[in-house]
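K.L.:
got a structure for you, letters missing:
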């Protein structure tokens, strides 16, 4: 499928009817995700199965818990009743069972037995989401939000932010004694999202410093996009030299897949536009367009069927042809952001095309939420992401088209900017 006709599609982002549809979808997602909240005695958020039931076998995971705080803080800011208790329950997990009181920071997960996962170490990916949760909870006025934000930002600055390079390190052992040599763009991407959100949750002077950090990290991404024809390397060594062949022998790795990840190109495109709206700079819009166009050219219907392939090699050929729901949500959000920034109808065309695809293939009107993974023939699959873990990506896709590019989503909702 190609993009829809611009004569009609360009009206979607400003259509009151479409915006009502987005609002309905946001509320539907929040209703599904509310089941993640664990009892207040333990707190945290559960990993959800295909029917929205907590999967106890997966324990409590920090990244899912933090994304639940963020999502339901957004729901509370939207004025949706019932969201605040879910945000608070998830936040209690971050201040309680998931917090490492001995060594600091947050465990990656705690098993259903109550035993922390010490083997996974302490990751910038997890801690970026804890920062995001603290910022969103603070902006939403949730009790415990400011304390979580203060602890998360201090831990991030002490352990993960490398002031010399202007980029984060990736993973420590659980005692914060030894840092791994791997560096990753995924952790950096979510760090940038968190930093830009933190900027609106702290005092103005501190906020400017967080935007500075985000801008330094983004400058590296801009250079990488230029050096690699818009296909961003994901994996690096300790000197930040790209490790282009990492995991070539297991290309479907859950967190470190081989090759380029077009969905991350789309996600970075949107983040560059958020940053540019906060602090205009050369090359940000140009690079956002480059990343978007490369992702579409390489990954959309690359094997003849609609949908984005998950990964490609460095020539743009598909590697993992599975379709992930989060890639479509980030495509939708990037297209909305680029249309808002440039006014070019082609971005509205893709925006409408991908919402149509989501409705046909991904949005589950029977069991709820979105199917998180499809096979190359667009049939439900569970090779990388079984179940429907959380609503973070899909919920944001319903909000980005209705909010300005700056400030980030929680602060824009707080400021009454929803359209």
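P.N.:
Arrived safely. Because the structure is predicted, anything quoted here is derived from the model rather than measured.

K.L.:
Okay, and residue 90 sits in which element?
P.N.:
helix 83-95 (DSSP states H and E).

K.L.:
Not counting its own residues, what contacts that helix?
P.N.:
Helix 83-95 is contacted by residues 30, 33-34, 36-40, 42-45, 60, 62, 65-66, 68-69, 72-76, 106, 130, 133-134, 137, 140, 142-145, 147-148 when judged by CB atoms under 8 Å, 6 or more residues apart in numbering. Heads up, the C-betas are built off the backbone N, CA and C, glycines and all.

K.L.:
Please spell out the PyMOL selection for the buried subset of these.
P.N.:
Here is the PyMOL command that selects only those of those that count as buried (16 or more other CB atoms under 10 Å):
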select buried, resi 30+33+34+36+37+38+43+44+45+60+62+65+66+68+69+72+73+74+75+76+106+130+133+134+137+140+142+144+145+148
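
K.L.:
just to revisit the earlier point, list the buried residues of the helix holding residue 90.
P.N.:
Taking 16+ other CB under 10 Å as the neighbour-count basis, helix 83-95 is seen to contain the buried residues 83, 84, 86, 87, 88, 89, 90, 91, 92, 93, 94, 95.

K.L.:
Pipe these into TSV and attach distance to residue 390 and pLDDT per row.
P.N.:
What follows is the buried residues of helix 83-95, written out as TSV (distance: CB to CB, whole Å; pLDDT from 0 to 100):
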residue	distance to residue 390	pLDDT
83	14	98
84	18	98
86	11	98
87	13	98
88	17	98
89	14	97
90	10	98
91	15	98
92	17	97
93	13	98
94	14	98
95	19	97
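
K.L.:
which among the residues you listed gets closest to residue 124?
P.N.:
residue 94 (16.0 Å; CB to CB).

K.L.:
among the contacts of helix 83-95, which are in strands?
P.N.:
Assigned to strands by DSSP state E, the following of those qualify: residue 60.

K.L.:
Tell me which of the contacts of helix 83-95 fall in helices.
P.N.:
Mapping these onto helices (DSSP state H) picks out 30, 33, 62, 65-66, 68-69, 72-76, 130, 133-134, 137, 145, 147-148.

K.L.:
Phi, psi for the closest residue to residue 233 other than its chain neighbours please.
P.N.:
With CB to CB, 6 or more residues apart in numbering as the criterion, residue 233 has its nearest non-adjacent residue at 3.8 Å, and that residue is residue 242. When read as degrees, to the nearest 10, the backbone of residue 242 gives phi -60, psi 140.

K.L.:
In this structure residue 242 contacts residue 236, no?
P.N.:
Yes. Counting by CB atoms under 8 Å, residue 236 is a contact partner of residue 242 at 5.8 Å.

K.L.:
of these two, who's got more company?
P.N.:
Taking other CB atoms under 10 Å, residue 242 and residue 236 do not tie; residue 236 has more neighbours (22 against 18).

K.L.:
Against residue 259, how distant is the residue nearest to residue 233?
P.N.:
In this view, residue 242 and residue 259 are 11 Å apart by CB to CB, to the nearest Å.

K.L.:
got it, and residue 378?
P.N.:
21 Å.

K.L.:
the more surrounded of these two?
P.N.:
Taking neighbours as other CB under 10 Å, residue 378 and residue 259 compare with residue 259 leading, 26 against 16.

K.L.:
Nearest spatial neighbour of that one, chain-adjacent residues omitted?
P.N.:
Of all residues not flanking residue 259 in the chain, residue 311 sits nearest, at 4.5 Å (CB to CB, 6+ apart).

K.L.:
Could you give the number of residues near the one you found?
P.N.:
Residues near residue 311, counting by other CB under 10 Å: 26.

K.L.:
again, but for residue 117
P.N.:
Look at residue 117: counted by other CB under 10 Å, it has 17 neighbours.

K.L.:
which residues does it contact?
P.N.:
Residue 117 neighbours (CB under 8 Å, 6+ apart): 59, 107, 108, 109, 110, 111.

K.L.:
ChimeraX command for the buried members of those?
P.N.:
Only the buried entries of these go into this ChimeraX selection, using 16+ other CB under 10 Å:
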select :59,107,108,109,110
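
K.L.:
Just name the closest of the contacts of residue 117 to residue 229, please.
P.N.:
Of all these, residue 229 sits closest to residue 108, with 34.1 Å by CB to CB.

K.L.:
Touching, that closest one and residue 61? I think so.
P.N.:
Yes. Residue 108 lies in contact with residue 61 (CB under 8 Å); the separation is 6.9 Å.

K.L.:
which residues does the residue nearest to residue 233 contact?
P.N.:
Per CB under 8 Å, 6+ apart, neighbours of residue 242: 224, 228, 233, 235, 236.
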